[in-house]
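In: generate coordinates for the sequence data below:
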Amino acid sequence: MKRLIGILLALSLFLPMAWAAAGEDVYVIADAAQADGSTAGQLQSDRSYLRVGCQLQSETDVTLSVTGEDGSLVYQRSYGLCSGRFSSEDIFLRLNGSQTDYRVALQAGEQCYAFSLRRVQPRMSGVSACSAGYPLRSITGADTWRCATVLDLTALEDASMTVPLLAGDAYEIGTVTFSAARGSLTVSACLNDGVDGSIDQGTVYVAATALEAKTLGKKSFSGLKGKLNQSLALADTSYAAVYVALTVSFDPQGVPEASGAQLQGQEDVWQRMRTETANEAVG
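Out: As a prediction, the model looks like this:
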């Protein structure tokens, strides 16, 4: 018995710390009365949990319910007789897709407070991004969603090619542009209008042969490495497989999902590059 009491006391010391950590992911509505009616449909949260509070005028029975988009009941609890300051437990709100709508109702005696709440994805930071093109797994065999963009530099001379910028294998957040002129290649990237985010850092890896391309995305990469907006000398190079490795941060709200990582025509360019450069020396 003494041992059991000791364990329970030890656990109780850690409970406040665990609660504080959980509280960082809780959206708190301090007063359901203020959320009622006038702000219905305007409340939005990127937190996983919801906590609802209310100042009760007298001792009364309190029941809290949450329904989903289809009207199905996802949470309901009767808290019994309550008085003074009421606060619910933390209620998990599942996120389906990019956003999920809920309807919350707090019944306090004869008074009912009801409002809508939209659960959205939190702002994403430190997300891997790259240009669309040809899957690295098809070039290097690596188990990754990332792509390289394969360029026919002869056809691209004094011109440019713009492809989608993909983030986290899920979103299309901007564009990447490849410009070739006088034996040099420049790679630039930007976010689409309306995307709230930033390109935090990036490195451009350029493979001039099929053998170099096999090392893209690896520590053993043997090609040319540079930065965005830097002129990279590629004299006498007919093809290039370019891996644009970026790190981005952005708000996913309203950002379209990526339609596909592989671009039309990339398979053909890669096969020509592989055939014509397979026997060329690395470096």
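In: need phi/psi at the residue nearest to residue 165 when sequence neighbours are not counted.
Out: Spatial nearest neighbour of residue 165, chain neighbours left out: residue 174 (3.8 Å); criterion: C-beta to C-beta, 6 or more residues apart in numbering. (Glycine included, C-beta is placed from N, CA and C.) Per-residue torsions, residue 174: phi -180, psi -150 (degrees, to the nearest 10).
In: what about residue 174, how many residues nearby?
Out: Residues lying near residue 174 (other C-beta atoms under 10 Å) number 23.
In: now do it, the pLDDT please.
Out: Residue 174 carries a pLDDT value of 96.
In: thinking it is in contact with residue 198, fair?
Out: No: taking C-beta atoms under 8 Å as the definition, residue 174 is not a contact partner of residue 198, at 10.6 Å.
In: identify the contacts common to these two.
Out: residue 191 (C-beta atoms under 8 Å, 6 or more residues apart in numbering).
In: what is the burial count for residue 167?
Out: 27.
In: not counting residues beside it along the chain, what's closest to it?
Out: Leaving out its chain neighbours, residue 167 is closest to residue 129 (C-beta to C-beta, 6+ apart), at 4.2 Å.
In: that neighbour and residue 248 touch, don't they?
Out: Yes: applying C-beta under 8 Å, one finds residue 129 in contact with residue 248, separated by 4.6 Å.
In: identify the contacts common to those two.
Out: By C-beta under 8 Å, 6+ apart, the residues touching both residue 129 and residue 248 are 167, 173, 199.
In: what helix or strand is the second one on?
Out: I take that to be residue 173. Assessed by DSSP states H and E, residue 173 sits inside strand 171-181.
In: need the contact partners of that strand.
Out: In contact with strand 171-181 (C-beta under 8 Å, 6+ apart) are residues 129, 131-132, 149, 151, 153, 156-167, 185-192, 195, 197, 199, 234, 242, 244, 248, 250, 252, 255-259.
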